[in-house]
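A.B. asks: Fold the following.
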Amino acid sequence: MDDRAYDFWLSLSFWSEDTFGLDIHRGPIGPLKHLQKEVEEALKTPDDLEEYADLLFLVFDSTRRAGFGYHELMDACREKLKKNKKRLWPKPSLNDEPIEHIRDEDKYKFIKKDGNEE
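C.D. replies: As a prediction, the model looks like this:
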């Protein structure tokens, strides 16, 4: 197992608490609001790797400030991936727009007359 991500989580945690205040005094809302701003920057410059680093910093920081640990986040990511793999997804288009899973109430839109899913 590669421990670089966990080592980074720890390094960021120490720096963040030292710079922005202890987790017991500051919750996840500030980093989540900052994350919204950074998403807008990444949308403007999607070829800038540093913008993705900013996003990861803020996801890690807000997760920790919400009371979750690195391993809990990774476990939640694994479980969410399992869940997403079981979902029905529309065929991707050639444009670069978001693709969301088909919700149960929308599923009927993707059923052919013969009863098979599209």
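
A.B. asks: where does the chain dip in pLDDT?
C.D. replies: Along the chain, the model assigns pLDDT under 70 to residues 1-2, 105-118.

A.B. asks: any idea where the helices of it begin and end?
C.D. replies: If DSSP state H is used as the criterion, the helices of the chain fall at 4-20, 29-44, 49-65, 70-86.

A.B. asks: now the shortest one against helix 49-65, angle please.
C.D. replies: In other words, helix 29-44. Angle, helix 29-44 to helix 49-65, by axes from the mean of the first three to the mean of the last three CA atoms, to 10 degrees: 160 degrees.

A.B. asks: Next: the last one.
C.D. replies: In terms of direction (the same axes, to 10 degrees), helix 70-86 departs from helix 49-65 by 110 degrees.

A.B. asks: Check the first one too.
C.D. replies: If you take the same axes, to 10 degrees, helix 4-20 sits at 80 degrees to helix 49-65.

A.B. asks: Check which helices and strands helix 4-20 sits against.
C.D. replies: Applying 3 or more CB pairs under 8 Å, 6 or more residues apart in numbering; DSSP states H and E, one finds that helix 4-20 contacts helix 49-65, helix 70-86. For every residue, glycine as well, the C-beta is placed using N, CA and C.

A.B. asks: for the helices of the chain, which one sits closest to E97?
C.D. replies: Across these, E97 has its closest neighbour in helix 29-44 (12.2 Å, CB to CB).

A.B. asks: Deepest-packed of the helices and strands packed on helix 4-20, please.
C.D. replies: Most buried of the helices and strands packed on helix 4-20, by mean neighbour count (mean count of other CB atoms under 10 Å): helix 49-65, with a mean of 17.

A.B. asks: Pull the distance from that helix to the chain's centre.
C.D. replies: With CA atoms, centre = their mean, to the nearest Å as the basis, helix 49-65 stands 9 Å off its chain's centre.

A.B. asks: same deal with stretch 15-25?
C.D. replies: So, by CA atoms, centre = their mean, the centroid of stretch 15-25 is 22 Å from its chain's centroid.
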